[in-house]
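> give me the fold of what follows.
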Amino acid sequence: MLKIADHGIVTASVPDTAEQSKCFPDICVLRDGTWLCSFRSGPSKTGSVQQTMLTRSTDNGRTWSPPTAPFVAPPWDGIPGVVHSAAVAPLVDDRLIAVACWIDFSDPSLPWYNPKTEGLLDTRVMLSSSEDAGRTWSPLQFVDVGSFSTMPTPCTGAMLAMPDGRWACHFETNKSYDETGTWKQAAVMTFSEDQGKTWPDQVVVLQDPDDAVYYWDQRPVVLEDGTVLNLFWVYDHQSASYRNIHAARSTDSGRTWSPPWDTQVPGQPAPAVPLSDGRLAMIYVDRSGPCTISARISGDGGRTWPDATASTIYKPTSYAPNINSQSDTSEAWARMDAFAFGLPDTAVTGEGDVLVVYYAGPQADQTDIAWVRLRV
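Just a heads-up that it's a prediction; the model follows:
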């Protein structure tokens with residue numbers, strides 16, 4: 001069982017300002033032990049007024065630098081956009097790569113999700129690099145995702161360095177904003193053999209052939225033996241309900257994937273974290289009953305996550321449970337916008353502890369970024 005060894009606030013909400021809503025955090029531990037955290041800041045959780053910020057701590061979370069906004073969204077075919085979120089990873093020596101999500105907010109009156117069609121505003125994957133531990137960044141560049149470039153493709157996390165030396169960038173497919181018909185959702189990876197210059201190869205990680213089950217928010221991690229373990233937040237479109245977290249694995253650097261299996265754990269996962277004893281930790285948001293951010297441990301490579309290993313990281317003082325009561329996907333999406341906590345991200349500290357960041361607050365438009373350090 002994982003226990004809380006330390007905790008704190010990365011950055012707090014500033015009510016009635018453009019920094020009132022802070023959400024969607026990502027955490028990265030650099031080689032020198034620095035914690036680098038990105039997050040989205042704005043006056044509200046939804047809307048076109050938002051910035052993706054970076055802050056760092058060199059004293060294990062005790063203090064944090066003033067946040068900066070280093071990423072400027074370039075236009076796509078002349079269309080202005082915003083940087084919705086960014087995830088950072090160290091891949092080559094001290095070089096950092098940020099994967100950022102671009103959204104077309106040229107018409108601020110339009111919500112990202114269209115409840116009439118289930119389509120999204122144009123959403124694209126971008127990259128930036130830093131040679132100085134994240135203090136300065138190269139201009140954002142769009143990633144060519146091949147045949148998937150005709151649809152919105154929100155990125156789903158940080159870049160991975162695969163065991164075969166390729167870089168892997170992951171995203172999911174969505175319908176265009178006004179497109180009618182079936183939403184053909186898929187979890188996808190695109191690969192580069194030249195450190196991000198070109199991306200010629202795309203692989204569908206998971207897709208339901210009946211387009212009834214959506215494998216949202218894939219969370220892959222490369223394990224010590226070279227296996228890639230991927231966790232998914234799973235939504236059943238036909239019944240408008242969430243299924244348990246599912247997992248899939250690849251033993252050939254993402255070229256092929258196993259059929260998904262049910263972990264028997266409800267909720268929305270962060271990337272699994274390898275522990276020093278060879279086991280795995282999973283941090284996840286469970287909104288199926290009393291709402292929590294919790295942790296579990298697997299001793300069999302992610303196949304099972306016993307109830308006896310469960311521990312609670314965060315529990316809101318009040319929150320309406322039972323997210324499976326919505327009538328359709330549009331209502332489910334509206335409930336997501338109303339979440340006042342969640343979306344944890346994970347990293348490993350130099351001491352081997354599990355570092356978790358998440359957003360939480362009294363209401364969806366007033367949230368802090370918090371951190372927790374866990375230890376067995």
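> could you use CA atoms for every contact and neighbour count after this?
OK.
> am I right that residue 335 falls within a helix?
Yes: read with DSSP: H, G, I helix; E, B strand; the rest coil, residue 335 is one of the residues of a helix.
> distance-wise, check it relative to residue 258.
Look at residue 335 and residue 258: by CA to CA, to the nearest Å, they are 31 Å apart.
> and residue 8, by the same measure?
Between residue 8 and residue 258 the computed distance is 38 Å (CA to CA).
> same check, this time on residue 265
From residue 265 to residue 258 the distance is 19 Å (CA to CA).
> higher neighbour count, the two?
residue 265 (18 against 13; other CA atoms under 10 Å).
> neighbours around residue 67, how many?
Neighbour tally, residue 67, other CA under 10 Å: 17.
> check what pLDDT it gets.
pLDDT, residue 67: 97.
> mind listing what the residue nearest to residue 161 when sequence neighbours are not counted touches?
Of all residues not flanking residue 161 in the chain, residue 167 sits nearest, at 4.8 Å (CA to CA, 6 or more residues apart in numbering). Residue 167 makes contact with 159-161, 191-193, 195-196, according to CA atoms under 8 Å, 6 or more residues apart in numbering.
> mind listing the strands for the stretch 51-200 of the chain?
All strands of the stretch 51-200 of the chain, identified by DSSP state E, counting those that start in this stretch, fall at 51-57, 81-92, 95-104, 113-114, 119-120, 123-130, 141-142, 160-161, 167-172, 187-192.
> how about the third one, which residues are buried there?
The neighbour-count criterion (16 or more other CA atoms under 10 Å) identifies 96-104 as the buried residues of strand 95-104.
> one more: the last one?
When burial is assessed from 16+ other CA under 10 Å, strand 187-192 yields the following buried residues: 187-192.
> quick check: next helix or strand after it?
strand 201-206 (DSSP states H and E).
> now that next one, how far from the centre of its chain.
Mean-position distance between strand 201-206 and its chain equals 18 Å (CA atoms, centre = their mean, to the nearest Å).
> same check, this time on stretch 14-27
16 Å.
> what's next to the helix or strand of the chain with the lowest mean pLDDT, contact-wise?
Scoring the helices and strands of the chain by mean pLDDT, DSSP states H and E places helix 329-338 at the bottom, with a mean of 87. Applying CA under 8 Å, 6+ apart, the external contacts of helix 329-338 come out as 45-46, 113, 115, 118, 237, 240, 323, 326, 363-364.
> so which of these is the most crowded?
residue 45 (24 neighbours).
> next up, the contacts around residue 342.
Taking CA under 8 Å, 6+ apart, one finds 285, 293, 358-360 in contact with residue 342.
> quick one: it is in a helix?
No: per three-state DSSP, residue 342 lies outside any helix segment and is strand.
> could you point out which residue ranges in the stretch 101-250 of the chain have low pLDDT?
Along the stretch 101-250 of the chain, the model assigns pLDDT under 70 to no residue.
> identify the bridge partners of residue 285.
residue 268, residue 293 (DSSP bridges).
> tell me the confidence at it?
Looking at residue 285, the pLDDT reads 97.
> cool, and the one 4 residues further on?
We have a pLDDT of 81 for residue 289.
> and for it, the neighbour number?
Residue 289 has 12 nearby residues by other CA under 10 Å.
> buried ones from the contacts of residue 167, can you make that a PyMOL selection?
This is how PyMOL selects the buried members of the contacts of residue 167, with burial counted by 16+ other CA under 10 Å:
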select buried, resi 159+160+161+191+192+195+196
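> ok, residue 179 to residue 225 distance?
Taken as CA to CA, the span from residue 179 to residue 225 is 43 Å.
> now stretch 330-346: buried residues?
330, 332, 339-346.
> list every C-alpha atom in that stretch, with coordinates, as PDB.
Extracted in PDB, the C-alpha atoms of stretch 330-346 (Å, rounded to 0.1, in the frame of the first residue of the first chain):
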ATOM      1  CA  SER A 330     -23.400  15.200 -24.300                       C
ATOM      2  CA  GLU A 331     -24.400  15.100 -20.700                       C
ATOM      3  CA  ALA A 332     -21.300  13.100 -19.900                       C
ATOM      4  CA  TRP A 333     -19.200  15.800 -21.500                       C
ATOM      5  CA  ALA A 334     -21.000  18.500 -19.600                       C
ATOM      6  CA  ARG A 335     -20.200  16.600 -16.300                       C
ATOM      7  CA  MET A 336     -16.500  16.600 -17.300                       C
ATOM      8  CA  ASP A 337     -16.600  20.400 -17.500                       C
ATOM      9  CA  ALA A 338     -18.100  20.400 -14.000                       C
ATOM     10  CA  PHE A 339     -15.400  18.200 -12.400                       C
ATOM     11  CA  ALA A 340     -13.700  20.200  -9.600                       C
ATOM     12  CA  PHE A 341     -10.800  17.700  -9.200                       C
ATOM     13  CA  GLY A 342      -8.900  15.100 -11.000                       C
ATOM     14  CA  LEU A 343      -6.600  14.400 -14.000                       C
ATOM     15  CA  PRO A 344      -3.600  13.200 -12.000                       C
ATOM     16  CA  ASP A 345      -0.100  12.900 -13.600                       C
ATOM     17  CA  THR A 346       2.800  10.900 -12.200                       C
END
